[in-house]
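A.B. asks: quick one: sequence and predicted model below, then my questions.
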Amino acid sequence: MKFTALLAVSAVPLLAVPAFAQDRDPSQDFNGPYISVGGGASLQGSDRGETLIFDTNRDGTYGDTVNTAGGTDAFSPGFCNGAATGTANISCRNDKDGAEFFGRFGYDKRMGNFVLGAVVEGGRSVARDSVSGFSTTPASYTMSREADYQANARLRAGYTPGGALFYVTGGGAYARLDNKFATSNTVNSFADNGKTNAWGYTVGGGAEVMVTNNIGLGLEYLYTDVKDKDYVVNVGAGTAPATNPFLLNGGGTDIRRSDPNFRTHSVRGTLSYRF
């Protein structure tokens, strides 16, 4: 429902502009350099089945079971796809959708009714992706990430009947991820490597209409998938005894997310100036 409502609101500028474009020469549209600013919303999908994974002997191989001194799974209460609201695996806060804003520079080459172009874009989104695990102590452990900033470089190809452009787009994407860790465990020590770099791709499509010889309004959808396997939380002894589950296999445990991919769906409006 929120996606449909956002799409409807974002489409209003496109429906309102034809009256402004009636006296223009559409054969000159979508050809040459331009700059754009825009904004919209980043929507988080449901990362079903995501967990925390463990390296209990720090040999670089994840997938170990954190066992208690009695040999049982210390994380038998399980995991949830969101941020923990307590120490029991009852409910978690959903991943956070959020606003985004960006700027871009592009260049289009028009060949008859077809347009080929390239875009370089940078911006920020406040969407947040979390996963939590629960131990039998009981205690909760939550990893969260959001992008400090994002950038992409992509191609686009489209068709213009005159005055409007309908296009598909895709290319490489980068994000500087701000990772955070939270736990109710006050016995062990925890250290992490904070911000990391993520690389991947983005694909989507959109439409743009010219309202004057230089000004265009657009509506765009992008799916972005970037991967980060570098974020790790190191669990140490702290004040815990040697029988602590994190310490049994060599004095410490490393924790990582089972899914390194950070995925977002973006719906945004654009305002462009063409030179």
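C.D. replies: In hand now; what should we look at?
A.B. asks: only C-alpha atoms for contact and neighbour calcs from this point on.
C.D. replies: Will do.
A.B. asks: can I assume Gly162 is in contact with Arg110?
C.D. replies: No - between Gly162 and Arg110 there is no contact under C-alpha atoms under 8 Å: 11.3 Å.
A.B. asks: more crowded one of these two?
C.D. replies: Arg110 (19 against 16; other C-alpha atoms under 10 Å).
A.B. asks: once you drop chain neighbours, what's closest to Tyr273?
C.D. replies: Distances taken as C-alpha to C-alpha, 6 or more residues apart in numbering put Ile215 closest to Tyr273, at 4.9 Å, once the chain neighbours are dropped.
A.B. asks: what is the burial count for that neighbour?
C.D. replies: 15.
A.B. asks: and the helices in this protein?
C.D. replies: All helices of the chain, identified by DSSP state H, fall at 2-16.
A.B. asks: low-confidence ranges, it, go.
C.D. replies: Scanning the chain for pLDDT under 70 picks out the ranges 1-24, 46-47.
A.B. asks: which residues touch the residue nearest to Tyr273?
C.D. replies: Ile215 makes contacts with 271-274, as judged by C-alpha atoms under 8 Å, 6 or more residues apart in numbering.
A.B. asks: just the buried residues of those residues.
C.D. replies: Neighbour-count burial (16 or more other C-alpha atoms under 10 Å) applied to the contacts of Ile215 gives 271-274.
A.B. asks: make JSON lines out of these and add distance to Asp97.
C.D. replies: Listed next are the buried ones among the contacts of Ile215 as JSON lines, based on distance: C-alpha to C-alpha, whole Å:
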{"residue": "Leu271", "distance to Asp97": "23"}
{"residue": "Ser272", "distance to Asp97": "25"}
{"residue": "Tyr273", "distance to Asp97": "29"}
{"residue": "Arg274", "distance to Asp97": "32"}
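A.B. asks: narrow these to those in strands?
C.D. replies: Among the buried ones among the contacts of Ile215, DSSP state E puts 271-274 in strands.
A.B. asks: quick one: which of those residues is nearest Gly171?
C.D. replies: Distances from those to Gly171 were compared by C-alpha to C-alpha; the smallest belongs to Ser272, at 20.2 Å.
A.B. asks: got a list of what the closest one touches?
C.D. replies: Counted by C-alpha under 8 Å, 6+ apart, Ser272 has contacts 34-37, 214-218.
A.B. asks: 6 Å - rerun?
C.D. replies: 35-36, 215-216 (C-alpha atoms under 6 Å, 6 or more residues apart in numbering).
A.B. asks: and what of Phe102?
C.D. replies: The contact partners of Phe102, by C-alpha under 6 Å, 6+ apart, come to 37-38, 122-123.
A.B. asks: give me the beta-bridge partners of the closest residue in space to Ala157 that isn't next to it in sequence?
C.D. replies: The spatially closest residue to Ala157, leaving aside those adjacent along the chain, is Leu116, at 4.6 Å (C-alpha to C-alpha, 6+ apart). Bridge pairing for Leu116 (DSSP bridges) gives the partners Lys109, Ala157.
A.B. asks: check Ser125 too.
C.D. replies: Counting by DSSP bridges, the residues bridging with Ser125 are Glu100.
A.B. asks: that one contacts Glu100, correct?
C.D. replies: Yes - at 4.1 Å, Ser125 counts as touching Glu100 under the criterion of C-alpha atoms under 6 Å.
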